[in-house]
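Asks: can you look at this prediction? I've put the sequence above it.
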Amino acid sequence: MRMRKGIIILGISLFLTTSLGCASRDYVRQQTDPLLDRISKLEAECCDEAGGSAAERAEAAADRAEAAAQRSENAAGKAGKAFELQQMK
């Protein structure tokens, strides 16, 4: 009788393990797809923020370069005038 109980319990345990332990591909997809969507949205937001700040830095660098070019142009004009004055003497 004791042996029979052990076999029955073992049989039930094996049945439950094999029937409930496996997940189908569809079930896994249903569970992971919403997570993938959330992760994708977060990555997109992160990239947008990083791209925005990079664009701002690039614009500021372009402004500084333009200002430097203007100063250079002014200095070249002054140097040209100084050269002309020197030639007149």
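Replies: Received, thanks. Numbers count the residues shown, from 1 in each chain.
Asks: low-confidence regions, the chain specifically.
Replies: 1, 16-23, 89 (pLDDT under 70).
Asks: now with 90, please.
Replies: 1-60, 76-89 (pLDDT under 90).
Asks: show me where it has helices.
Replies: 2-20, 25-88 (DSSP state H).
Asks: now those as TSV including mean neighbour count?
Replies: Where you see a C-beta, it was placed from the backbone N, CA and C, and this is true even at glycine. Formatted as TSV, the helices of the chain follow (neighbours: other Cβ atoms under 10 Å):
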stretch	mean neighbour count
helix 2-20	9
helix 25-88	10
